[in-house]
Structures are given as C-alpha cells and as structure tokens.
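A.B. asks: generate a structure from the sequence data that follows.
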Amino acid sequence: IGNLQTLQLLDVGSNEMTSTIPSSFGNLESLKYLVLESNRFNGTADVLESMKNLTKLLIRSNLFSGSLPEGLFSETSDNVAVDIGDN
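C.D. replies: Residues are numbered from 1 along each chain as shown. A predicted model of the protein is given here:
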C-alpha cells in the first residue's frame, strides 16, 4: 500500500486488523480520507504525521495510545473531520 503515493482514500475499517499501523502508510502523503475504525490497531499514530492532506480521519474503536501528531492537519482547510473515540 505504501507504494500508492497518489492514493486519496483508504478504508480498512471493520476488518479485525491487529498490530500497529504499518510504517509504509507514512508514504501515503496524498491521502485525504483514512478509515481505520473498528479494528485492533495499537501503539501510537505517529506514522500519520506525513499525511498532511487528511480531511477525514476515522480511527474510532482501536487500541491506540498517546496523542495525534502535532502537524497532522497542517496543510488542510478548516473543514476537517476526526473521530478518535473509544481508544
């Protein structure tokens, strides 16, 4: 997936995926919409830091810890949707 550098939407929600977010996701710099909700991802969301074009981030119902990367939405408009509940 990390080789799809022009990918704009990735939805892997509700797939019972486990482990941390793959480091290759950090290559998805064009991504605007990311859905990882309702899986069993754990660890931090640091790999998302390079995704500066995100406008929708849905990571509800996982096992994440820590905070979101500081510059995550630095290059997006004011219209951003984030759902990080139940982590």
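A.B. asks: surely residue 52 meets residue 70?
C.D. replies: No: taking contacts as CB atoms under 8 Å, residue 52 lies outside contact range of residue 70: 11.4 Å. From N, CA and C alone the C-beta is placed, and that goes for glycine too.
A.B. asks: so the two - more neighbours on which side?
C.D. replies: Comparing residue 52 with residue 70 by other CB atoms under 10 Å, the one with more neighbours is residue 52, at 16 against 8.
A.B. asks: phi, psi of that one?
C.D. replies: phi -80, psi -10 (degrees, to the nearest 10).
A.B. asks: where does this structure dip in pLDDT?
C.D. replies: Along the chain, segments meeting pLDDT under 70 span 77.
A.B. asks: any shared contact partners between residue 52 and residue 70?
C.D. replies: Residues touching both residue 52 and residue 70 by CB atoms under 8 Å, 6 or more residues apart in numbering: none at all.
A.B. asks: in the chain, which spans are strands?
C.D. replies: Here the chain has its strands, by DSSP state E, at 9-11, 18-19, 33-35, 40-43, 56-58, 63-64, 81-83.
A.B. asks: closest one to residue 27 among these?
C.D. replies: Of all the strands of the chain, it is strand 9-11 that lies closest to residue 27, at 11.7 Å by CB to CB.
A.B. asks: adjacent strands (with direction) for that closest one?
C.D. replies: Take DSSP bridges as the rule and strand 9-11 pairs in its sheet with strand 33-35 (parallel).
A.B. asks: show residues contacting the strand it pairs with.
C.D. replies: Here strand 33-35 makes contact (CB under 8 Å, 6+ apart) with 8-13, 48, 51, 54-59.
A.B. asks: what sits against the residue nearest to residue 85 when sequence neighbours are not counted?
C.D. replies: Distances taken as CB to CB, 6 or more residues apart in numbering place residue 60 nearest to residue 85, at 4.7 Å, with adjacent residues excluded. Shown in contact with residue 60 (CB under 8 Å, 6+ apart): 37, 38, 83, 84, 85, 86, 87.
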